[in-house]
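K.L.:
got a sequence here, can you build the structure:
(2 chains)
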Amino acid sequence: MTGRLNLKLLSGALAIGLAGCASFYEIPIETPIAAKLDVSAFQRVFIAGFISGGTDDVDGNLETVRLLRSQLRMKSSLRVVDADVLPLLDVASGRTEAGPNTPAREANAEAPEIKNEKDLQPYEHIFADADYWKRIGEEYQNPLIVTGTVLFTPHSQSGMVQREREVIDPLGRRRVEPVREYMERKGFILNMKLIFIDGRSGAQMQGGETLREERLYNQNDNTPALSSYFELMDEIVPRFLNTLSTQKVRGSRVLIK
Amino acid sequence: MPQRLLSVVVLVTALSGVAYADARSDAKAQVEFGIAVAQRGLWKEAIYRWERATQIDPTYAAGFNNLAVAYEHEGMLDKAAEAYERALKLEPNNVLVRQNFELFKEIHDRTTQSQTP
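P.N.:
From the prediction side, this is the model:
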């Protein structure tokens, strides 16, 4: 972040210093980032559901499915299958019959406790169950199936933090100075494993991803879990989209004479 | 005899200086034309011009810098990295090239950041 700020300041100073020479030109560019996964064989994508855990304040399965579906509708050429979210945790734990039309649980009552990555492991066998995914694929006309795990856990950390403080000197001038202080901070960590399954065969595809983001807030901020979840997903969604479709990153560069 | 040799050396040095100046001015013309077309969105033509410029004068850092920008715009990220590195090798202290390269690396790193399980 500081590096980016330095670059901006540097470019500003250069722009002023060299403007007279006109030997450089700033130009907007759009860098296309090729999709990591070849999805040319699919016309549809089904965000099936996720095995989720962590805080009870956010339903990681439903929220993630809703968000990824809406993003794909806007930013991908694939048709998004609009179907009930699969209750994968129930299916994997054998508490629900593994059918494509099984609706998601209404609430988290009696759900197995998943608080960390280790708790997820007993259920991850579901991703390798090609027969199950093939049945799901047949139901929705052989789409690309997106599934995985979502772990959204509270996190706290205390230690020295540097922040900026505004001070007024004896002459009444304002200035900003860095202050280091001890701070208790609370926040959340989002761990997400994305798994892509070929709906025609039920087999896992190459190109799955493990993503991790974390945010810490001042203890007095009382940031709701759901808004923190969306903040963290803001970082993850572009990487998810870039797995499935070519994305363009806008920026500017300097051409030199 | 030594006088004749000296005049030959002087002549050769002078001619190579002229040739270098010619190469640089030809390359500069290509670079300027490339900038003009890039500003109109004709990036493929710009690439052609800047490739020509770097062939004419392989010591012209601006040519490699501009070529890198154009490759980046066209999604040829490996070629862009190569061209930026070449420009920086020629002019390691050029802050404009370094700034472009830092911004490019930010995007390039993002594409390779995610791990496969």
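
K.L.:
which of the helices or strands spans the one residue sitting closest to the centre of chain B?
P.N.:
Centroid-nearest residue in chain B, with C-alpha atoms, centre = their mean: B:Phe64, separated by 1.9 Å. Element membership for B:Phe64 (DSSP states H and E) is helix B:61-73.

K.L.:
which other helices and strands contact that helix?
P.N.:
Judged by 3 or more C-beta pairs under 8 Å, 6 or more residues apart in numbering or on different chains; DSSP states H and E, helix B:61-73 is in contact with strand A:24-33, strand A:247-256, helix B:2-39, helix B:43-56, helix B:77-90, helix B:95-113. In short, each C-beta sits where N, CA and C put it, glycine included.

K.L.:
so which of those is nearest A:Lys115?
P.N.:
Nearest to A:Lys115, of all the helices and strands packed on helix B:61-73, is helix B:95-113, at 26.9 Å by C-beta to C-beta.

K.L.:
got the buried residues for that closest one?
P.N.:
Neighbour-count burial for helix B:95-113, counted by 16 or more other C-beta atoms under 10 Å in any protein chain shown, picks out B:Leu96, B:Val97, B:Arg98, B:Gln99, B:Asn100, B:Phe101, B:Leu103, B:Phe104, B:His108, B:Thr111.

K.L.:
who touches B:Ala46 in this structure?
P.N.:
Neighbour list for B:Ala46: B:Gly34, B:Ile35, B:Val37, B:Ala38, B:Asn66, B:Ala70 [criterion: C-beta atoms under 8 Å, 6 or more residues apart in numbering or on different chains].

K.L.:
now the closest residue to it other than its chain neighbours: how far from B:Tyr48?
P.N.:
Setting aside the residues directly before and after it, B:Ala46 is nearest to B:Ala38 in space (C-beta to C-beta, 6 or more residues apart in numbering or on different chains), at 3.9 Å. Per C-beta to C-beta, to the nearest Å, B:Ala38 is found 11 Å from B:Tyr48.

K.L.:
can I get the helices and strands packed on helix B:61-73 in TSV with distance to A:Ala225 and mean pLDDT?
P.N.:
Output for the helices and strands packed on helix B:61-73, formatted as TSV (distance: least, C-beta to C-beta, whole Å; pLDDT from 0 to 100):
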stretch	distance to A:Ala225	mean pLDDT
strand A:24-33	31	93
strand A:247-256	28	92
helix B:2-39	47	75
helix B:43-56	45	97
helix B:77-90	37	96
helix B:95-113	26	86
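
K.L.:
for A:Ala83, grab the count of nearby residues.
P.N.:
As a burial measure, A:Ala83 scores 19 neighbours (other C-beta atoms under 10 Å in any protein chain shown).

K.L.:
would you confirm that A:Ser76 contacts A:Thr246?
P.N.:
No - A:Ser76 sits out of contact with A:Thr246 when judged by C-beta atoms under 8 Å, with a separation of 9.9 Å.

K.L.:
which of these two has more residues huddled nearby?
P.N.:
Set A:Ser76 next to A:Thr246 and count neighbours by other C-beta under 10 Å: A:Ser76 wins out with 17 against 13.

K.L.:
from A:Gln71, how far off is the residue lying closest to that one once chain neighbours are set aside?
P.N.:
Counting by C-beta to C-beta, 6+ apart, A:Ser245 is the residue found nearest to A:Ser76 once chain neighbours are left out, at 4.7 Å. Per C-beta to C-beta, A:Ser245 is found 11 Å from A:Gln71.

K.L.:
need the residues of the stretch 51-200 of chain A near chain B, please.
P.N.:
A:Lys193, A:Ile195 (C-beta under 8 Å from any C-beta of the partner chain).

K.L.:
please list all residues in contact with the residue nearest to the centre of chain B.
P.N.:
Here B:Phe64 is in contact with B:Thr54, B:Ala83, B:Tyr84, B:Arg86, B:Ala87, B:Leu90 (C-beta under 8 Å, 6+ apart).

K.L.:
can you check the pLDDT for it?
P.N.:
At B:Phe64, the pLDDT value in this model is 97.

K.L.:
next, count neighbours for the nearest residue to it once chain neighbours are set aside.
P.N.:
Leaving aside its chain neighbours, B:Phe64 sits nearest to B:Ala87 (3.8 Å; criterion: C-beta to C-beta, 6+ apart). Close neighbours of B:Ala87, defined as other C-beta under 10 Å, add up to 28.

K.L.:
isn't B:Ala87 up against B:Val97?
P.N.:
Yes - if you go by C-beta under 8 Å, B:Ala87 and B:Val97 touch, sitting 4.8 Å apart.
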